[in-house]
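Undergrad: curious how this folds, go ahead:
(one chain, ligands or ions: 2)
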Amino acid sequence: MSEAEQAPVSRAGYVAIVGRPNVGKSTLLNALVGQKVSITADKAQTTRHRILGIDTQPGVQFVFVDTPGYQTKHSNALNRVLNRAVTTALADVDVVLWVIEALRCGPDDRKLLSLLPANKPVILVMNKVDRVERKNDLLPFVAEVSKLRDFAAIVPVSATKPIQLDVLRAETAKQLPEGEAMFPEDEVTDRSMRFMAAELIREKVFRLVGDELPYESTVVIERFDETSQPGRIEVHANLLVASESQRAIMIGAGGERIKRIGTEARKGMEAMFECGVHLELWVKVKSGWADNEAGLRAYGYD
Ligand SMILES: Nc1nc2c(ncn2[C@@H]2O[C@H](COP(=O)(O)OP(=O)(O)OP(=O)(O)O)[C@@H](O)[C@H]2O)c(=O)[nH]1
Ligand SMILES: [Mg+2]
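TA: Residues are numbered from 1 along each chain as shown. Ligands and ions are numbered 1, 2, ... in the order given. So this is what the prediction gives:
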């Protein structure tokens, strides 16, 4: 190990990652942490929980806080709970990364910006620059959005390529308070394997099932057993949907869709947990699970 790697942590703090749905917050978190800790999909509102991703570098520990996409279009109980998760996360952090897509800053983006605390440093992160064909278009766009607030920094990045993540880290580190590490240096998240197992199943539902159905479903782990067999984890999970017709869609013709969800979720777990996984998945009808806040709390949305 080099001397630099041994530099003790002297700066540490919480960094909220906020933005409109689907701008790439969770992808960015995973890229910064260097490991998958938050699920991603090309659909709005994939993230439903506040998830920590810890990145310890020489001299500095970043505790990134992934949040659900802030949305203003629908206001059912689940969306209210998700939006609240965003605003609560903002209260406890040292820095805010406000993520938008390069060349796009619409009313939804601005609405969230108006909710960011006035007294906290905000870094404007323009993600997905890899998709910008004419780089010359970036400058006038930056000039325009930079008027919206006194940003601590403006950093164009790509979470997937990745581009400029070291610049983003350096700008973020400048805003962190002095202090010791808050988490062990090899820790990457605060979430349990059981939680991650449910999330990986949900990710496959978001990726493999069309339209509205992912929003009407959730996953409950019934059994998570690391001890029954050496080197293999036994996972039993229920996929809750709101009606019989949704159940049929989730299962697919001849059980094909649920089989694919199960296979891909199992592979994701095996990669993440670095051991064998036996996954059993059932689709159950539980109508109204997302209709009221008490019901949501029962399924871990708080
Ligand atoms: N081209 C490109 N695509 C990206 C980049 N970052 C994220 N994406 C894609 O954007 C989509 C949304 O990514 P997520 O990370 O799930 O977005 P999110 O902001 O966490 O979304 P919610 O949790 O639903 O609010 C996925 O298909 C990602 O692969 C990027 O830098 N470039
Ligand atoms: Mg997300």
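
Undergrad: what's in contact with stretch 23-33?
TA: Contact with stretch 23-33 is made by 17-19, 36-40, 46-47, 51, 53-55, 62, 64, 66-67, 69, 97, 99-101, 125, 127-128, 157, 159-160, 162, 165, 168-169, 188-189, as judged by CB atoms under 8 Å, 6 or more residues apart in numbering. C-betas here are computed from N, CA, C, even on glycine.

Undergrad: list only buried entries from those residues.
TA: Buried members of the contacts of stretch 23-33, scored by 16 or more other CB atoms under 10 Å, are 17-19, 36-40, 46-47, 51, 53-55, 62, 64, 66-67, 69, 97, 99-101, 125, 127-128, 157, 159-160, 165, 168-169, 188-189.

Undergrad: setting the sequence-adjacent residues aside, check what's closest to the residue in the stretch 1-150 of the chain that ligand 1 sits nearest to.
TA: Ranked by CB to the nearest ligand atom, the top residue of the stretch 1-150 of the chain for proximity to ligand 1 is Gly69, at 2.5 Å. Counting by CB to CB, 6 or more residues apart in numbering, Gly69 lies nearest to Pro21, which is 2.8 Å off, once chain neighbours are set aside.

Undergrad: surely that neighbour and Arg48 touch.
TA: No - contact criterion CB atoms under 8 Å: Pro21 and Arg48 do not qualify, at 11.1 Å.

Undergrad: so what sits against both of these two?
TA: The contact sets of Pro21 and Arg48 overlap at Pro68 (CB under 8 Å, 6+ apart).

Undergrad: tell me which of these two has more neighbours.
TA: Arg48 (22 against 17; other CB atoms under 10 Å).

Undergrad: what's near enough to touch that one?
TA: Shown in contact with Arg48 (CB under 8 Å, 6+ apart): 68, 78, 82, 85, 202, 301.

Undergrad: A helix includes Glu234, no?
TA: No - looking at Glu234 with DSSP: H, G, I helix; E, B strand; the rest coil, it is strand, so not inside a helix.

Undergrad: what bridges to it?
TA: Assessed by DSSP bridges, Glu234 has beta-bridge partners Asp225, His278.

Undergrad: list the contacts of it.
TA: Residues near Glu234 by CB under 8 Å, 6+ apart: 223-225, 228, 278.

Undergrad: and the chain, which residues reach ligand 2?
TA: Within the chain, the positions near ligand 2 by CB under 5 Å from the ion are 25-26, 46-47.

Undergrad: could I get those as a markdown table with pLDDT, secondary structure and distance to Ile261?
TA: Putting the residues of the chain next to ligand 2 into a markdown table (pLDDT from 0 to 100; DSSP: H, G, I helix; E, B strand; the rest coil; distance: CB to CB, whole Å) gives the following:
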| residue | pLDDT | secondary structure | distance to Ile261 |
| --- | --- | --- | --- |
| Lys25 | 98 | helix | 24 |
| Ser26 | 98 | helix | 19 |
| Thr46 | 94 | coil | 15 |
| Thr47 | 94 | coil | 19 |
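
Undergrad: near ligand 1 too, which of those residues?
TA: By CB under 6 Å from any ligand atom, the members of those lying near ligand 1 are 25-26, 46-47.

Undergrad: and which of the residues you listed is nearest Pro117?
TA: Distance to Pro117 across those (CB to CB) is lowest for Lys25, with 18.0 Å.

Undergrad: now for the helix or strand hosting Thr88, which elements pack on it?
TA: Assigned by DSSP states H and E, Thr88 belongs to helix 77-91. For helix 77-91, the packing partners by 3 or more CB pairs under 8 Å, 6 or more residues apart in numbering; DSSP states H and E come out as strand 11-19, helix 107-115, helix 293-298.

Undergrad: no further questions, thank you.
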